[in-house]
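# Need coordinates for the following:
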Amino acid sequence: MIMVSDDLVVGIVLTGQESALHATATSSCAVSQTTIWDGELWLNNSSFSLKLNQKGGGTRTVDTSVRKLLASRRQIDDLAARKKSGMSIIPTKLLTTGNYIKLIIALGRGKKLYDKRQTLKKRAEERDTRRTV
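Numbering: from 1, shown residues only. Prediction:
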């Protein structure tokens, strides 16, 4: 469980085939991770399903490609400083803006144990009230 705070819109470097796949809604950033390496922002484990033929018979998923994210130097430095303070950079959503594909990333921090317990307690209470109604 992660508490998400700030959002930031960054560009993503894709090949032509990958950008076309995003237009047909066969891309996902659900399990991807964002890292800062050598002063640049990178996206790991993002999924783009490649169709093998026109009829849609069979697909192949590419999960291991590392893609570069486009952000200003100031934004990357700010993200690096916050990452050192214990926050994580989480990709949340892929957007299409005109001819460009953008990625929304957010800063998040893992919940403390007592926060998790409170959340689980609320869920259990809501579930019990739904059952009684």
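# use CA for all of it now, contacts and neighbours both
Will do.
# Where does the nearest residue to residue 100 once chain neighbours are set aside sit, in terms of helix or strand?
Computed as CA to CA, 6 or more residues apart in numbering, the closest residue to residue 100 that is not its neighbour in sequence is residue 11, at 7.7 Å. Assigned by DSSP states H and E, residue 11 belongs to strand 2-12.
# buried ones in that strand?
4, 9-12 (16 or more other CA atoms under 10 Å).
# Stretch 124-133 now?
Using 16+ other CA under 10 Å as the test for burial, stretch 124-133 gives no buried residues.
# Mean confidence (pLDDT) on that stretch, please.
Stretch 124-133 shows a mean pLDDT of 92.
# same thing with stretch 77-89?
Mean pLDDT, computed over stretch 77-89, is 87.
# So residue 45 sits against residue 66, correct?
Yes. Using CA atoms under 8 Å, residue 45 is in contact with residue 66, at 6.9 Å.
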